[in-house]
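> Just to be clear, the model below is a prediction. Sequence and coordinates:
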Amino acid sequence: MTRGFGEMILGLLITFFLTNSISGQSELIEHIGELKIYNNALSDNVFQNERQNMFLKWTAKELDPPTPNPASFEIPPAVIGGTTINMTAVKGSDASGIIEYYFEEMTGNSGGDGSGWQSSPYYSDGGLMPHTEYSYRVRMRDSYYNTGEPSQIFSAVTTESELWQNDLDYGAYYGYQAWHRGPEDGWSHWFDGGIPDAAHMSGDNWPDFSEYPILYETQLHYPDGSPVLVYSSNDYETVDVHIRWMKEYGLKGCFLQRQEYDIHNPATLEQMDRKAMYVRRACEKYGIKFCMMPCNNDKSESGGGQEYIDEIIADWKHCVDDLKITESPMYMHQDGKPVIGFWGMGFSNRQMTPAQATQILDSFQKPSESKYQVYVMGGVPNDWRTNTKEGFMTVYERLDMISPWRPIFYDPYNQVWLDRMAGDKAWCDVRGIDYNPTVSPGASVAYQNFDPTLRNKNPRNGGKYLWKQVYEVCKLKNKFLYVAMYDEIDEGTAMYKMAETQKDCPVLNPSLVPLDEDGYDLPGDWYLQIGTEIQKMLDGKIQLTNDLPIKPPIAASVHDNRSKGILKVYPVPSNSKLFVAGAENGSHFVVFNIFGMKAIEGELREGTIDISSLTKGTYILNMKGISIRFVKI
């Protein structure tokens, strides 16, 4: 029995339309089709409703293709990893809300393939022939198959296969935590206890948030009264920003940290896996190298147990088999093998034994299946050779690369430390082991140690402190460098874009150190700019120099060194009066509540502050450039 727009036969409704009536015109259109299967025959009423829904859907069909039209590339085709070409289209927009992309390879050269229609604006064409030109264009269509004009054609020429490249050679690589999370995960690494206020803030650096597309509001405020919003690394968009900066500033890549305590917990393991896939996606998009770095940071007595060792070994197999992480064309290779960094071997405050470390190395270097075999960079103490933990020298001798933790960081002007680093490299050279020392821009660990005197403990000095370390490493004709860290605000070692002045920091955290702290008027991307210069010196594009090639401008007014002032307040908790030691009478003070709003302000009288007007709660006293928390009861 035929019923207009459809046909019902024993409960099967097949809807098809060959004409489209818009503005009184009838034309033949492409059949898309829709198939609905029902358990029972439809009643007349149900059938009429279905027919009307189908009619409305088709008569509402718009005829315009997605915009922009013609399509265009956000990132034109570019070679990564030698024989892989990546590209990204400008995201389209369409009333239908559904857009597909088709990347076409135009030369027909061997190995080149088109994408077919796909929902992602990103495409990677791998397994191409070396030294061969490939050309691509992209088109877009909407859910009604309205197809726009193709983009301009772009070409790229492949080089040698990535299997023959040594990615670590002459490169500065950055430790990448990506561990800051939003409210859905308790504000991890932003705030303690899951409470986003001033009393629970963590870390000594503060980022520049101006380029992040997704941010989460906290209970804090900036000095101008605007709310403080922070990013979450659980959002791909955050990782994309971080990796994009690496591309824009000419950085080669990163070691993605994978903490053992997160591997141990199934809930956080899922987050770690998601983060790994985000990093892979962004690195493939921007042509940045990456590798995994499991970290032995468990200092508890159980940290060296067999279960712990088994988890580390099993996790690498999980990364290879389930995440297929080493199949990425941007996964780092050295000596023809995937790279893995294992950090935390031979430290006196960790329980791992030489036998357990050997078991891990066996799983990495002599696995039962070759797909798990890797080139191992071992993160070791700065005195690994001169003050070796018993039994670990044989472990070090098995490593493909030794990466001491900041061998000259604490005093890069001390000849004793410089001589020790030179001895480390000579020891490695004799044994054919690569040497990859760690450098850092500075450090501030007041929050981490609950000690305000450790604020700005190792001043950056406008980048000169970092450059001195890099110069000493390069002076040894060393071709490897590890920079700690890319996004580590917890210990004040971050290299990415950061707050320039106290006006760009929440009001008020006891520890935060802005970029102008040491008397220089620096832009938020200053240390990324230095990263560009570091890579140039490693590449030989600029001469070896002890002088920072870009000059930090002096600030109009140099700050007092707030790191060395010592204030003490008591009693804590306090009821009506707060006693202050370490400040002169007449010293100006401001007390802020946990939301960063001013509560009281005045001058110190007889070493006391009247806090009787305050309601019960946690407050922050700021005096002489130092901030201290206290509790009113």
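Cool, the structure landed.
> the helices in the stretch 101-250 of the chain, which residues?
Ranges of helices within the stretch 101-250 of the chain are 236-248, based on DSSP state H, counting those that start in this stretch.
> tally of neighbours for G114?
The burial metric for G114, expressed as a neighbour count using other C-beta atoms under 10 Å, is 15. For the C-beta atoms, the positions are set from N, CA and C on the backbone; glycine is no exception.
> these two touch, right, it and E104?
Yes. The pair G114 and E104 qualifies as a contact (C-beta atoms under 8 Å) at a distance of 4.7 Å.
> Distance-wise, check H333 relative to T159.
As defined by C-beta to C-beta, to the nearest Å, H333 lies at a distance of 14 Å from T159.
> and the two? which has more neighbours close in?
H333 (21 against 14).
> Next, the contact list for the closest residue to the more buried one other than its chain neighbours, please.
Distance criterion C-beta to C-beta, 6 or more residues apart in numbering; nearest residue to H333, sequence neighbours excluded, is D167 at 5.6 Å. The neighbourhood of D167, defined by C-beta atoms under 8 Å, 6 or more residues apart in numbering, consists of K252, G253, K289, M332, H333, Q334, V339.
> What of T88?
Under the criterion of C-beta under 8 Å, 6+ apart, the contact partners of T88 comprise F73, E74, I75, P121, Y122, Y123, K285.
> Report the buried members of the residues you listed.
Among these, those classed as buried by neighbour count (16 or more other C-beta atoms under 10 Å) are F73, I75, P121, Y122, Y123, K285.
> Dump those into a markdown table; add distance to W384 and pLDDT as well.
Conversion of the buried ones among the contacts of T88 to a markdown table gives the following (distance: C-beta to C-beta, whole Å; pLDDT from 0 to 100):
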| residue | distance to W384 | pLDDT |
| --- | --- | --- |
| F73 | 47 | 95 |
| I75 | 41 | 88 |
| P121 | 46 | 90 |
| Y122 | 42 | 86 |
| Y123 | 44 | 89 |
| K285 | 37 | 91 |
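> just checking, which of those residues belong to strands?
Among the buried ones among the contacts of T88, the residues falling in strands (DSSP state E) are F73, I75, Y122, Y123.
> Out of these, which is nearest to L269?
For these, the residue nearest L269 by C-beta to C-beta is Y122; the value is 26.0 Å.
> Quick check, that closest one in contact with P77.
No. Contact status for Y122 versus P77: not in contact, 11.6 Å apart, counting by C-beta under 8 Å.
> Common neighbours of the two, please.
N86, M87.
> OK, contacts around the nearest residue to Q356 once chain neighbours are set aside?
Setting aside the residues directly before and after it, Q356 is nearest to I309 in space (C-beta to C-beta, 6+ apart), at 5.1 Å. Residues near I309 by C-beta under 8 Å, 6+ apart: M352, Q356, Q359, I360.
> isn't there a strand covering I309?
No. When DSSP: H, G, I helix; E, B strand; the rest coil is applied, I309 is found to be helix, with no strand at that position.
> how near is it to I263?
I309 sits 12 Å away from I263, going by C-beta to C-beta.
> where does the stretch 1-150 of the chain have low pLDDT?
Scanning the stretch 1-150 of the chain for pLDDT under 70 picks out 1-42, 45-62, 81.
> Start from the N-terminal end of it and give the strands.
Remark: strands assigned in the stretch 1-150 of the chain by DSSP state E, counting those that start in this stretch are 2-3, 6-9, 12-15, 19-22, 25-28, 34-37, 73-80, 84-89, 99-105, 122-125, 133-142.
> before we move on, what about the stretch 301-450 of the chain?
Along the stretch 301-450 of the chain, the stretches classed as strands by DSSP E, counting those that start in this stretch are 333-334, 337-343, 375-380, 401-404, 434-435, 438-439.
> Would you tell me which helix is longest in the chain?
Among the segments of the chain that qualify as a helix by DSSP state H, the longest is helix 266-286.
> who are the neighbours of it, in terms of helices and strands?
Helix 266-286 sits against strand 73-80, strand 84-89, strand 122-125, helix 236-248, strand 253-259, helix 260-264, strand 289-295, with contacts defined as 3 or more C-beta pairs under 8 Å, 6 or more residues apart in numbering; DSSP states H and E.
> and the shortest one, what does it pack onto?
If contacts are counted by 3+ C-beta pairs under 8 Å, 6+ apart, strand 122-125 sits against strand 84-89, strand 99-105, strand 133-142, helix 266-286.
> Now find how far off-centre the last one is within its chain.
Relative to the mean C-alpha coordinate of its chain, helix 266-286 is positioned 10 Å out (C-alpha atoms, centre = their mean, to the nearest Å).
> which residues are contacting it?
Outside helix 266-286, the residues that reach it (C-beta under 8 Å, 6+ apart) are 75, 80, 86, 88, 122, 124, 176, 178, 181, 185, 233-234, 236, 239-240, 242-244, 246-247, 253-254, 256, 258-259, 261-263, 288-290, 292, 319, 322-323, 325, 328-331.
> Was I right to think V507 contacts V591?
No. V507 is not in contact with V591 according to C-beta under 8 Å; the separation is 11.4 Å.
> Low-confidence ranges, the stretch 401-550 of the chain, go.
508, 510.
> Skip the chain neighbours and tell me the closest residue to the residue nearest the centre of the chain.
Using C-alpha atoms, centre = their mean, the residue of the chain that lies closest to the mean C-alpha position is A178, 4.0 Å off. In space, and not counting its chain neighbours, A178 is closest to S233: 4.1 Å by C-beta to C-beta, 6+ apart.
> The longest helix of the chain relative to strand 73-80, how many degrees between them?
Between the direction of helix 266-286 and that of strand 73-80, the angle (axes from the mean of the first three to the mean of the last three C-alpha atoms, to 10 degrees) works out to 90 degrees.
> For helix 266-286, list the C-alpha coordinates in CSV.
Listed next in CSV are the C-alpha coordinates belonging to helix 266-286 (Å, rounded to 0.1, in the frame of the first residue of the first chain):
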residue,chain,number,x,y,z
PRO,A,266,42.6,3.5,37.4
ALA,A,267,40.8,6.9,37.5
THR,A,268,43.9,9.0,37.0
LEU,A,269,45.3,6.5,34.5
GLU,A,270,42.4,7.2,32.3
GLN,A,271,43.2,10.9,32.5
MET,A,272,46.9,10.2,31.8
ASP,A,273,45.9,8.2,28.7
ARG,A,274,43.7,11.0,27.5
LYS,A,275,46.4,13.5,28.0
ALA,A,276,48.9,11.4,26.1
MET,A,277,46.5,11.2,23.2
TYR,A,278,46.0,15.0,23.3
VAL,A,279,49.7,15.6,23.2
ARG,A,280,50.1,13.2,20.3
ARG,A,281,47.3,14.9,18.4
ALA,A,282,48.7,18.4,19.0
CYS,A,283,52.3,17.3,18.2
GLU,A,284,51.2,15.7,14.9
LYS,A,285,49.2,18.8,14.1
TYR,A,286,52.2,21.2,14.7
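> So for that helix, what gets flagged as buried?
Result for helix 266-286 [16+ other C-beta under 10 Å]: buried residues 268-269, 271-273, 275-286.
> Stretch 160-180 now?
Buried residues in stretch 160-180, counted by 16+ other C-beta under 10 Å: 162, 165-168, 170-180.
> by contact count, what packs against the strand or helix carrying V631?
Per DSSP states H and E: V631 is located in strand 626-632. Strand 626-632 sits against strand 617-623, with contacts defined as 3+ C-beta pairs under 8 Å, 6+ apart.
> rounded to a whole number, what's the mean pLDDT of the strand it packs on?
Per-residue confidence for strand 617-623 averages out to 83 on the pLDDT scale.
> Now do it: everything it contacts.
Applying C-beta under 8 Å, 6+ apart, the contact partners of strand 617-623 are 198-199, 508-510, 567, 569, 578, 580, 583, 587-594, 599, 604, 609, 611, 627-632.
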